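Participant: please work out how this folds:
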Amino acid sequence: MEYIKTHRKEFEAEYDRVVKDAEEDRKYWEKRNQERIEKNRKMGPPPGKEEFWSFVQKGMTNGMGLCNLWELNIIYKRELLAGASAA
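Facilitator: All right, here's what the predicted structure looks like:
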């Protein structure tokens, strides 16, 4: 913490650069993968995964995006378990 206090301007400049670079990387990969994402959306669900596919599509339209697919999978499994225990 002392280093940050002593070198505040340098620290803030470096932090701003890192944030800017990360945003540029995100935009690059988003643009690069856009065609693949659209192709995958049009393919439809794999056999036996129709219900999960529907759940993922709802999550994506709610702004979760593909980067949160892991989280969507966890939420989906929790809902399945909750439904099974309620029945």
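
Participant: what residues of whichever helix or strand Leu81 is part of count as buried?
Facilitator: Assigned by DSSP states H and E, Leu81 falls within helix 69-86. By 16 or more other C-beta atoms under 10 Å, the buried positions in helix 69-86 come out as Leu72, Tyr76. For every residue, glycine as well, the C-beta is placed using N, CA and C.

Participant: what is the rounded mean pLDDT of it?
Facilitator: Averaging pLDDT along helix 69-86 gives 73.

Participant: so what does it touch, helix or strand wise?
Facilitator: Packing partners of helix 69-86 (3 or more C-beta pairs under 8 Å, 6 or more residues apart in numbering; DSSP states H and E): helix 50-61.

Participant: chain center to the helix holding Leu81: distance?
Facilitator: When C-alpha coordinates are averaged (C-alpha atoms, centre = their mean, to the nearest Å), helix 69-86 and its chain have centres 18 Å apart.

Participant: and the angle from that helix to helix 50-61?
Facilitator: 130 degrees (axes from the mean of the first three to the mean of the last three C-alpha atoms, to 10 degrees).

Participant: got the CA coordinates for helix 69-86 in PDB?
Facilitator: What follows is helix 69-86, C-alpha atoms only, in PDB (Å, rounded to 0.1, in the frame of the first residue of the first chain):
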ATOM      1  CA  LEU A  69     -22.800 -20.300 -19.600                       C
ATOM      2  CA  TRP A  70     -21.200 -22.100 -16.700                       C
ATOM      3  CA  GLU A  71     -23.300 -20.100 -14.300                       C
ATOM      4  CA  LEU A  72     -26.500 -20.800 -16.300                       C
ATOM      5  CA  ASN A  73     -25.700 -24.500 -16.200                       C
ATOM      6  CA  ILE A  74     -25.400 -24.400 -12.400                       C
ATOM      7  CA  ILE A  75     -28.600 -22.400 -12.000                       C
ATOM      8  CA  TYR A  76     -30.400 -24.900 -14.400                       C
ATOM      9  CA  LYS A  77     -29.200 -27.900 -12.300                       C
ATOM     10  CA  ARG A  78     -30.300 -26.200  -9.100                       C
ATOM     11  CA  GLU A  79     -33.800 -25.600 -10.600                       C
ATOM     12  CA  LEU A  80     -34.000 -29.200 -11.700                       C
ATOM     13  CA  LEU A  81     -33.100 -30.400  -8.300                       C
ATOM     14  CA  ALA A  82     -35.500 -28.100  -6.600                       C
ATOM     15  CA  GLY A  83     -38.300 -29.300  -8.900                       C
ATOM     16  CA  ALA A  84     -37.400 -32.900  -8.300                       C
ATOM     17  CA  SER A  85     -37.400 -32.500  -4.500                       C
ATOM     18  CA  ALA A  86     -40.800 -30.600  -4.700                       C
END
